[in-house]
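In: Sequence and predicted model, in that order:
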Amino acid sequence: MNTRSGIGYDSHRFIAGRPLHLGGVLVPWTHGLAGHSDGDAILHAVVDALLGAGSLGDIGSHFPDTDPQWKGAESSRFAREAVRLLAERGLAPEHVDVTVIVERPKLASHIPAMREATANALGLPVDAVSIKAKTNEGMGWIGRGEGLGVIAVATVRGASG
Ligand code: MG
């Protein structure tokens, strides 16, 4: 048995009037995230972390935003596909840890539902999914509310090297 880790980062711009999909849940807010898919930057960062742990490239190489089949796609599909790609290599997710950097909305009350939805998409128990949120102390593009950033680390285990 060996353990591997991967890191993922994503950022999306806020767009007025779009639904805000984050961590597999709909967060009530005035703005949503731009993107070809549903724009769920938490799941995108998690997918990149999982793919990174498997040395399997990145989300753009597997789900190109030029491909109409991913237009408006629920990002949980990307997560399930990443788990499948890992399984082809004899690897399975073990744990993910996520930090969302966003000024508003406040996410604390949504984190339990996000952890559950993300865990469900990955086939993991809820206690294997950590999601944290913090502000950027008002600095820069995040501080101005232009968008949000997400960092994720995934740990996967398996028999392959
Ligand atoms: Mg993205």
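Out: Right, received. Where do you want to start?

In: What are the boundaries of the helices in the protein?
Out: 41-53, 59-62, 75-88, 111-122, 140-143 (DSSP state H).

In: Quick one, grab the pLDDT at the residue minimising distance to the centre of the chain.
Out: For the chain, the residue nearest the mean C-alpha position is L43 (2.0 Å; Cα atoms, centre = their mean). L43 carries a pLDDT value of 98.

In: got it, and A159?
Out: On pLDDT, A159 comes in at 67.

In: And S75, by the same measure?
Out: Looking at S75, its pLDDT reads 93.

In: ok, now which ones touch it?
Out: H21, G24, S37, D38, G39, D40, L43, H44, V47 (Cβ atoms under 8 Å, 6 or more residues apart in numbering). Every C-beta, even on glycine, is put in place using the N, C-alpha and C of the backbone.

In: Check V98 too.
Out: Contacts of V98 by Cβ under 8 Å, 6+ apart are 23, 42, 45-46, 118, 129-132, 150-153.

In: Is it bridged to anything, and to what?
Out: Beta bridges link V98 to I131, A152 when assigned by DSSP bridges.

In: Point out where this structure drops to low pLDDT.
Out: 159-161 (pLDDT under 70).

In: Spell out which residues of it are next to the ion.
Out: By Cβ under 5 Å from the ion, the residues of the chain that approach the ion are D10, H44.

In: In the chain, what residue lies closest to the ion?
Out: Closest approach of the chain to the ion (Cβ to the ion) occurs at H44, with a separation of 3.5 Å.

In: I'd say that residue and I151 touch.
Out: No. Judged on Cβ atoms under 8 Å, H44 makes no contact with I151 at a distance of 11.5 Å.

In: Now for these two: what residues contact both?
Out: Listed contacts common to H44 and I151 are G8; contacts here mean Cβ under 8 Å, 6+ apart.

In: how close does L51 sit to H31?
Out: Using Cβ to Cβ, to the nearest Å, L51 is found at 28 Å from H31.

In: So what's the residue count around the closest residue to R115 other than its chain neighbours?
Out: The shortest distance from R115 to any non-neighbouring residue, by Cβ to Cβ, 6 or more residues apart in numbering, is to V129 (4.7 Å). Around V129 sit 23 other residues, with neighbours defined as other Cβ atoms under 10 Å.
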